[in-house]
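Engineer: Quick one, fold the following:
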Amino acid sequence: MILFYALIFILVSTLVFIKLSKKYKILLNYTGDSHQKFTSFEKTPLIGGCIFLLFIFLFTDFTYLMKLYLMVIFTIGILSDLKLLKSPRKRLILQFLIIIIFLYLLDIKLIFTKFLILDYLLQNIFFSFFFTAFCLLIVINGTNFIDGNNLVVLGYYLILLLIILFFNKHDFQTISKLNIFLLIELISILLIFNFLNKIYLGDNGALLIGSFFGIILVKFYLENTLKISSFFIVLILWYPAFENLFSIIRKFYFSKSPTEPDNNHLHQLLYFFLLKKFKFSKIFINNSVGLLITLYNSIIVCLAVNYANHTQLMVSLIFFNIVVYITTYMFLINYKKK
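Structural biologist: Predicted coordinates for the structure are as follows:
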């Protein structure tokens, strides 16, 4: 019965937030930024995080400390969307400090990765919290980076929820089955509204969702270290993490600030390529990019999920993903320069 009430809540709250956002002209997408103008559309409410956070508070049984952590991260995203916290550097510093504090309060830290040199360093409690916070920061901001086309973030994390559900049936109990079904319902409906171009996640939604799943997957690994390889977690988070790391490296290479946004992320280049090649609407191309990226990651996950404790296979798939990413990126960036 709770799933039915949750369904009604998601539908009603989404429609209400859309109405309020447009009526009072608040949290509406602004396409004046150069990194947004190709793949986003004006007057689309940035309310994904609002619905997600409210849902977490009302329908799930996560701890109050976990909910407080999500609310603080969400606040940073809202301030960014409202242009009240414009500096990317200040946002990063704030995020890192908040992550460190709440990792300590939640007592969550990586202490074992099956990588000998790193495991030795992780015996130091300060390094352990620092390293865990750094990993989460990469995933969180990587999630924000890939949130440039419809369906990419929501599709990606829907896949991760299905992975967690799969393992839940095999005695992996990091999240209760009810919470998993509630979250699948939430992400699925937000995905539909996003597909219809009625809502965007905004910074508030992307940072919130990245933070939530980052913490959940760290806990998932810590509670099941004997059953899964640490590289399995790296594999299922490879896309937002590598998008972030690759973006930093290429910006340093071209003597640009790694915190400054641009329109040279993989999904933006793919959007530009498809827009030039095919005479379809911008919204259709936008959704197509999200579907292609989600389909690719779904295939990789399906190959990996039955071999989660097979480190060599996980490393091979990670390496394969990186090769595919860089090869595709080089082709698309060269096409754009023509």
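
Engineer: Give me the contacts around whichever strand or helix holds Val234.
Structural biologist: Using DSSP states H and E, Val234 falls within helix 230-236. With Cβ atoms under 8 Å, 6 or more residues apart in numbering as the test, helix 230-236 has contacts from 112-115, 159-160, 163, 217-218, 220-221, 241, 300-301, 304, 308-309, 311, 314-315, 317-318, 321. Heads up, the C-betas are built off the backbone N, CA and C, glycines and all.

Engineer: distance of the residue most central in space within the chain from Thr63?
Structural biologist: Among the residues of the chain, the one closest to the centroid is Thr143, at 3.2 Å (Cα atoms, centre = their mean). Distance of Thr143 to Thr63, computed by Cβ to Cβ, to the nearest Å: 22 Å.

Engineer: With Phe9 instead?
Structural biologist: When Cβ to Cβ is applied, the distance between Phe9 and Thr63 equals 21 Å.

Engineer: can you check Tyr329 too?
Structural biologist: Separation of Tyr329 from Thr63 (Cβ to Cβ) stands at 40 Å.

Engineer: give the contact list for the residue lying closest to Leu136 once chain neighbours are set aside.
Structural biologist: In space, and not counting its chain neighbours, Leu136 is closest to Gly214: 4.4 Å by Cβ to Cβ, 6 or more residues apart in numbering. Contact partners of Gly214, counting by Cβ under 8 Å, 6+ apart, are 135-136, 139-140, 237.

Engineer: switch to 7 Å and redo it
Structural biologist: Contact analysis of Gly214 by Cβ atoms under 7 Å, 6 or more residues apart in numbering lists 136, 139-140.

Engineer: Tell me the buried residues in the strand or helix carrying it?
Structural biologist: Gly214 belongs to helix 202-222 when assigned by DSSP H and E. Residues of helix 202-222 classed as buried under the neighbour-count rule (16 or more other Cβ atoms under 10 Å) are 202-218, 220-222.

Engineer: from the chain's centre, how far out does it sit?
Structural biologist: Chain-centre distance of helix 202-222: 7 Å, with Cα atoms, centre = their mean, to the nearest Å.

Engineer: Am I right that Pro240 sits in a strand?
Structural biologist: No - with DSSP: H, G, I helix; E, B strand; the rest coil as the criterion, Pro240 is assigned helix and is not in a strand.

Engineer: Find the nearest non-adjacent residue to it, please.
Structural biologist: Nearest in space to Pro240, with sequence neighbours left out and distances taken as Cβ to Cβ, 6+ apart, is Gly142 at 3.1 Å.

Engineer: So which residues make contact with the helix or strand hosting that neighbour?
Structural biologist: Assigned by DSSP H and E, Gly142 belongs to helix 125-146. The contact list for helix 125-146 (Cβ under 7 Å, 6+ apart) reads 95-96, 99-100, 103-104, 108-111, 121-122, 152-153, 203, 206-207, 209-211, 214, 218, 237, 239-241, 243-245, 247, 265, 267.

Engineer: so is the nearest residue to Lys256 once chain neighbours are set aside in a helix, a strand, or just coil?
Structural biologist: In this structure, Lys256 finds its nearest non-sequential neighbour in Asp262, 7.6 Å apart by Cβ to Cβ, 6+ apart. Three-state call for Asp262 (three-state DSSP): coil.
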